[in-house]
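# Return a 3D structure for these sequence lines:
(one chain, ligands or ions: 2)
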Amino acid sequence: MLNKSIMDGDNPDLTEERMKGAFDTDKMAAVIYGSEKFAIRRREITESISRIPQLADSKPFSFMTREEKISESCRKLSVLSEHWNQLIDTNNEEEALHLYREVLGLEGHAFSLHETMFIPSLVAQANDEQQEKWLGRAKRREIIGCYAQTEMGHGTNLRALETTATYYPSTQEFILHTPTETALKWWPGALGKSSNYAVVVADLVIRDTHYGAHPFMVQLRDEKTHNPLPGITVGDIGPKMAFNGADNGFLGFNQYKLPRDHMLMRHSRVEENGTYTKPPHAKIGYSSMVKVRSRMAMDQGLFMVSALVIAVRYSAVRRQGFLDDKSREVKVLDYQTQQHRLFPSIARAYAFIFCGFETIQLYDQLLIDVKNGDTSGMSDLHALTSGLKSVVTHQTGEGIEQARMACGGHGYSMASYISEIYGVAIGGCTYEGENMVMLLQLARYLVKSVELVKTGKSKELGPMMNYLAEPDTQIDLTSGPEAYVKVFQHAARRQVWKATDKFHQLMESGQSRDIAWNNSAVELTRASRLHTRLYIMETFIRRVSSISDVSIKKVLIDLVNVHVNYEVLDIGTYALEHVSSTQLDSIRSQLYSSLDTLRPNAVSLIDSFQISDMQLRSVLGRRDGHVYTNLFEWAKASPLNQTHVLPSVNQYLKPMMDKAKL
Ligand SMILES: CC/C=C\C/C=C\C/C=C\C/C=C\CCC(=O)SCCNC(=O)CCNC(=O)[C@H](O)C(C)(C)COP(=O)(O)OP(=O)(O)OC[C@H]1O[C@@H](n2cnc3c(N)ncnc32)[C@H](O)[C@@H]1OP(=O)(O)O
Ligand SMILES: Cc1cc2nc3c(=O)[nH]c(=O)nc-3n(C[C@H](O)[C@H](O)[C@H](O)COP(=O)(O)OP(=O)(O)OC[C@H]3O[C@@H](n4cnc5c(N)ncnc54)[C@H](O)[C@@H]3O)c2cc1C
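Ligands and ions are numbered 1, 2, ... in the order given. Now for the predicted structure:
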């Protein structure tokens, strides 16, 4: 059996799709998740979870209030605490994240930031003694932590953070203080009600000199009573667009005393007498953000996949309208428009995940290098992950929204769960650096790269930048995916140079650097997007070329074909400089035929992600495809349907109607 999801009693339309798949979904899972070993571990973990009934949702999540969601996730976390060691290798971050996704889903929970930012901050920023003191406790979950950086008045511009940490040599203490309302920490996940510790980012002040943002380990709540400690104001910021299982919070300090050794001192130090040692790289304190950004291609790829699993499975069981055969309605997945809506997103999701593996490894390597005193890779990874987080979050948002529309009316129902996936994923456009701002960070790097080329220093170009120095060449579109890479290189190179030239010309015309930058910003962000999309395409092709299994490689080449054709058409206005409109027409025809080629493998391609029904929380996306019966059951479970006559009818509608009858 090539598609391992085939089960007796499933919806025959889905079974038919799974029979059509031309490759082994377990083998594809090994490619997606980086190794056969991890793909197997994922399945084992999912299987073990299913044997612990207390880990199941106690009722449909969509019908829960915010308080119920928070209580439910805490209940499950306490059940999990009895099983951690038997379920996962607790030192393996990917296993832990899989466990969280399966059991707790995506709406957030008390440990939302503990694994993703609190522990990584201690790993990257705390010195050995500090790690000895806190890291073990954090890993054993004796304490719950979060990452408190953003303030009500400033998230983007970290240099303007108002919270101060003033050092007093006389007492060898810092005083943490929130001088204004806008200085309140605002947004940190799991801060409001769950965390009892936080890595707090504050402006370090010693003898009236401001040294800028530095991280501090701060206890917020009493470990016995969980009450806030004196001098601390903390609470929940209220409901959000989505992610309402998490208690994003506010935090204020009133002259709160903190011992000297609570500043995280791996890279910068404050001695007892107040002498300050600066870090080996000015931005090393920003590393926790780079860590999360380096994960975002993977995490966003998986958000998009969840929506696509739902939309593709549903499209294979939803029948509406006719093609040739007028005796039976067709699966909506057979419509070219439906394929055009969904398949390019499947391709992007695969591409994002392959990029994600690469950037996660780059971050892990950077962490080792920095520990050994080598900070030279920081700028490259900062630039790469800044662009990547911006492009993948934006395209993921687009892909999920198309997946929702592809499910018609039922996509709009919470039974599909796609709106929740969208709401959580789209937050990624904002958190870890607002997308425009991060595109402009990459643009700084691109402009510097062009300046290197212009001044004859091309040899100093960073990784992935050599194409900026190359001349335009003739493109032979029949020579395979590499030709499409060339189209992207041409378009990206032209746009990067154009934006840089504009910036330079504005400065030459007398504008200050900052004003010239602002007046070139839209062109600069365009350059960053093209450069990043080129990186995604190259990574995708490189990864697929490295695969040896013939059937897996074949279907992934089909997916690459969808990707490259779609992407080049999508940047048509830029590509037109290098590709004629006749050539674009031929790319369009190739895209349509590549959609056709991919069609028989669509369900197997999304099944390969092996996302469980428990994690998916979607009636439309059920693995067994029994959508309609379960849709009715789901609606019957609505709290509104627990009584025939609502109190509001008796109180308002009935008297109103009765009065109208008089
Ligand atoms: C993992 C999640 C899994 C699932 C998700 C599920 C649900 C979601 C749940 C929760 C969300 C999770 C996490 C969210 C947490 C947060 O949002 S934490 C807060 C994040 N905040 C930000 O990202 C703030 C963004 N702002 C910045 O990073 C900086 O302010 C800035 C980079 C924009 C500017 O910094 P400045 O200090 O002012 O520097 P600059 O003058 O612009 O640049 C000077 C030079 O420094 C280089 N540089 C900047 N940053 C770095 C870096 N990190 N590393 C290396 N170099 C850096 C910059 O490029 C400049 O270089 P030049 O050579 O050009 O001078
Ligand atoms: C779901 C979620 C979870 C979060 N979790 C955390 C957390 O755990 N910890 C934490 O500390 N924070 C967290 N945050 C906060 C988040 O990191 C910030 O909201 C984010 O960095 C954006 O900053 P901002 O809100 O100040 O946006 P702003 O900077 O105010 O953005 C507003 C507009 O101004 C534009 N803009 C701002 N500066 C520039 C510029 N220099 N050039 C051009 N345009 C500019 C932006 O592009 C945007 O269009 C979270 C946010 C969300 C939504």
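# Now do the SS call for Phe609.
Following DSSP: H, G, I helix; E, B strand; the rest coil, we place Phe609 in the coil state.
# ok, and the closest non-adjacent residue to it?
Excluding its sequence neighbours, the residue lying closest to Phe609 (Cβ to Cβ, 6 or more residues apart in numbering) is Val305, at 5.0 Å. Every residue, glycine included, has its C-beta placed from N, CA and C.
# What is the burial count for that neighbour?
28 (other Cβ atoms under 10 Å).
# and the helix or strand harbouring Glu523, what other elements does it pack with?
Glu523 belongs to helix 521-545 when assigned by DSSP states H and E. Applying 3 or more Cβ pairs under 8 Å, 6 or more residues apart in numbering; DSSP states H and E, we find helix 521-545 packed against helix 336-371, helix 378-406, helix 435-454, helix 481-508, helix 550-570.
# could you check the angle helix 435-454 makes with it?
Orientation check (axes from the mean of the first three to the mean of the last three Cα atoms, to 10 degrees): helix 521-545 against helix 435-454 gives 80 degrees.
# can you give me the offset of helix 521-545 from its chain's centre?
17 Å (Cα atoms, centre = their mean, to the nearest Å).
# pLDDT averaged over that helix, what's the number?
The pLDDT scores in helix 521-545 average 98.
# what comes up buried for it?
Neighbour-count burial for helix 521-545 flags 521, 523-541, 543-544 (criterion: 16 or more other Cβ atoms under 10 Å).
# count of residues packed around the closest residue to Ser379 other than its chain neighbours?
Setting aside the residues directly before and after it, Ser379 is nearest to Tyr445 in space (Cβ to Cβ, 6+ apart), at 6.7 Å. The tally of other residues near Tyr445 (other Cβ under 10 Å) stands at 19.
# could you measure Tyr445 against ligand 1, distance?
Separation of Tyr445 from ligand 1 (Cβ to the nearest ligand atom, to the nearest Å) stands at 6 Å.
# ditto for Ile400
In terms of Cβ to the nearest ligand atom, Ile400 sits 14 Å off from ligand 1.
# Buried residues in the worst-scoring helix or strand of the chain on mean pLDDT, which are they?
Ranked by mean pLDDT, DSSP states H and E, the helix or strand of the chain with the weakest confidence is helix 572-575, at a mean of 89. Going by neighbour count (16+ other Cβ under 10 Å), the buried part of helix 572-575 is Tyr574, Ala575.
# What is the subsequent helix or strand relative to that helix?
Downstream of helix 572-575 (by DSSP H and E), the next one is helix 581-598.
# Who are the packing partners of that next one?
Counting by 3+ Cβ pairs under 8 Å, 6+ apart, helix 581-598 packs on helix 336-371, helix 550-570.
# near ligand 2, which residues of the stretch 301-450 of the chain?
Taking Cβ under 6 Å from any ligand atom as the criterion, the stretch 301-450 of the chain approaches ligand 2 at residues Gly427, Thr430, Tyr431, Gly433, Glu434, Met436, Val437, Leu440.
# surely the fifth one meets Thr156?
Yes. With the criterion set as Cβ atoms under 8 Å, Glu434 and Thr156 qualify as a contacting pair; they are 5.6 Å apart.
# so who does the spatially closest residue to Gln495 that is not a sequence neighbour touch?
The shortest distance from Gln495 to any residue other than its chain neighbours is 4.5 Å, reached at Ala527 (Cβ to Cβ, 6+ apart). By Cβ atoms under 8 Å, 6 or more residues apart in numbering, the contact list for Ala527 reads Ala443, Leu446, Ala492, Gln495, Val496, Lys498, Ala499, Thr500.
# next one: Asp24
Here Asp24 is in contact with Leu2, Asn3, Lys4, Ser551, Ile552 (criterion: Cβ under 8 Å, 6+ apart).
# For Val603, see how far away it is.
Plainly put, Asp24 is 14 Å away from Val603 if you go by Cβ to Cβ, to the nearest Å.
# Next, whatever residue of the chain ends up closest to ligand 2: secondary structure please.
Across the chain, no residue is closer to ligand 2 than Gly155, which sits at 2.5 Å (Cβ to the nearest ligand atom). Classification of Gly155 using three-state DSSP returns coil.
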